[in-house]
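Visitor: no FASTA, just this:
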């Protein structure tokens, strides 16, 4: 089936920007909802944003107005543009997607990437 690989993390100063990417590879029929989550040290993983197959978007309150989720279905690539980053945004960011092996909904499985580290510090 599919695999997800994130990239684009790094060290950035407060107020800076990063664009995270998540590429889906493998053999599958389609990809439904795509989510970004993050996990800071000693904290639980938390929801950041979601985009549907029809590009409907939703954000956590802390992400609203600063982060933008998007997807390129033709290239099976998903993005999280993060602007005006703050030290509290420091975390490992994970891509999560519903990947379907066939047109049947029961063939859809939840997949996670390995995560990409984002550090916001001066």
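Guide: Cool, got the structure. Keep in mind that this is a model prediction, so the values were computed, not measured.
Visitor: the strands in the protein, which residues?
Guide: Ranges of strands within the chain are 2-7, 10-12, 18-26, 30-39, 46-51, 57-59, 67-72, 77-82, 91-100, 108-112, 116-120, based on DSSP state E.
Visitor: beta partners of residue 118?
Guide: Applying DSSP bridges to residue 118 gives these bridge partners: residue 10, residue 91.
Visitor: and it, what pLDDT?
Guide: Residue 118 is assigned 98 on the pLDDT scale.
Visitor: quick one: contacts for the residue nearest the centre of the chain?
Guide: Centroid-nearest residue in the chain, with Cα atoms, centre = their mean: residue 36, separated by 3.1 Å. Counting by Cβ atoms under 8 Å, 6 or more residues apart in numbering, residue 36 makes contact with 20, 22, 48-50, 69, 80, 93-96. For glycine as for every other residue, the C-beta is placed from the backbone atoms N, C-alpha and C.
Visitor: hmm, residue 71 is touching residue 51, no?
Guide: Yes - applying Cβ atoms under 8 Å, one finds residue 71 in contact with residue 51, separated by 5.4 Å.
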